[in-house]
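Peer 1: Next comes the sequence, and after it the predicted model I'd like to discuss.
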Amino acid sequence: MPGVPGRGGPVPKRSDQRRRRNAPTHPVTQAPAGEDAPPEQPPPHEKWHPIAKQWYESLARSGQSAFYEASDWATAFLVAESISRDLKPQPIGVDPETGEPVMAVIPLKGASLAAYLRAMTALMVTEGDRRRAGLELRRASAGQEQQEVPGVARLDEFRRRFAG
C-alpha cells in the first residue's frame with residue numbers, strides 16, 4: 001500500500017531534513033502495553049551459531065528495542081534460532097559405508113534470507129525500517145542540536161536577506 005508507514009517504498013527523510021512539516025496523514029491508535037515494565041530480552045541459546053547470537057544480542061543494545069513487547073522478543077528469538085540452524089552444518093546425505101549422516105555447511109537459500117529480512121523489517125532493525133515506521137533514534141552524545149544539511153543554513157540566510 002503506497003503511503004502507509006512501514007510498508008516499503010522509498011525511505012522517508014528524517015524529520016529534521018524535511019522541508020514541510022504537515023500533520024501526519026496516518027492516525028496513530030494507542031493501546032496499553034502488555035506490562036508496565038518493558039519485557040527483558042530472553043537469553044540467547046548457548047548453542048546458536050555465533051552470527052545468529054551476535055545479531056540477537058545486538059537487538060538489546062539498539063534503541064528500537066525500547067518499544068519491543070514480549071511477542072517481539074519471541075519473534076527475534078525464533079528468527080535467531082532459524083538463522084543459527086541455517087548457518088550450521090546440515091545433513092546432505094548418508095555415508096554408504098558407515099550409515100552415518102554426512103554434514104556440510106550449505107549456502108543460505110535466497111528464500112530463507114528474504115524471510116529473515118522481512119522479519120527484521122518487522123522488528124525495525126535498520127534505519128530505513130525505523131524511518132518507514134515513523135521512528136527516529138537520537139544519540140545522547142549528539143545533544144539536542146539538530147544536524148544541519150550542508151548548504152541549508154546559507155540558503156536560509158539568503159532567504160532572510162531577500163525576504164525583507
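Peer 2: Received, thanks.
Peer 1: Residue 49 and residue 74, how far apart?
Peer 2: For residue 49, the distance to residue 74 equals 19 Å [Cβ to Cβ, to the nearest Å]. (Each C-beta comes from the backbone N, C-alpha and C, glycine too.)
Peer 1: These two: who's more crowded?
Peer 2: Using other Cβ atoms under 10 Å as the criterion, residue 49 and residue 74 rank with residue 49 on top: 18 against 13.
Peer 1: shouldn't that one be in contact with residue 87?
Peer 2: Yes. At 4.2 Å, residue 49 and residue 87 qualify as touching, with contact defined as Cβ atoms under 8 Å.
Peer 1: Need the residues touching each of these two.
Peer 2: Jointly contacting residue 49 and residue 87 under the rule Cβ atoms under 8 Å, 6 or more residues apart in numbering is no residue at all.
Peer 1: Show me what counts as buried in the helix or strand in which residue 79 is found.
Peer 2: Assessed by DSSP states H and E, residue 79 sits inside helix 70-87. Across helix 70-87, burial judged by 16 or more other Cβ atoms under 10 Å covers 72-73, 75-77, 79-81, 83-84, 86-87.
Peer 1: I'd like the average pLDDT over it.
Peer 2: The average pLDDT within helix 70-87 is 97.
Peer 1: Okay, now the unreliable bits of this structure?
Peer 2: Along the chain, the parts satisfying pLDDT under 70 run over 1-8, 14-31, 142-161, 163-164.
Peer 1: where do the strands sit along it?
Peer 2: 90-94, 101-104 (DSSP state E).
Peer 1: what does the last one rub up against?
Peer 2: For strand 101-104, the external contacting residues (Cβ under 8 Å, 6+ apart) are 89-95.
Peer 1: right, and residue 70 touches residue 39 too?
Peer 2: Yes. Residue 70 is within contact range of residue 39, at 4.4 Å (criterion: Cβ under 8 Å).
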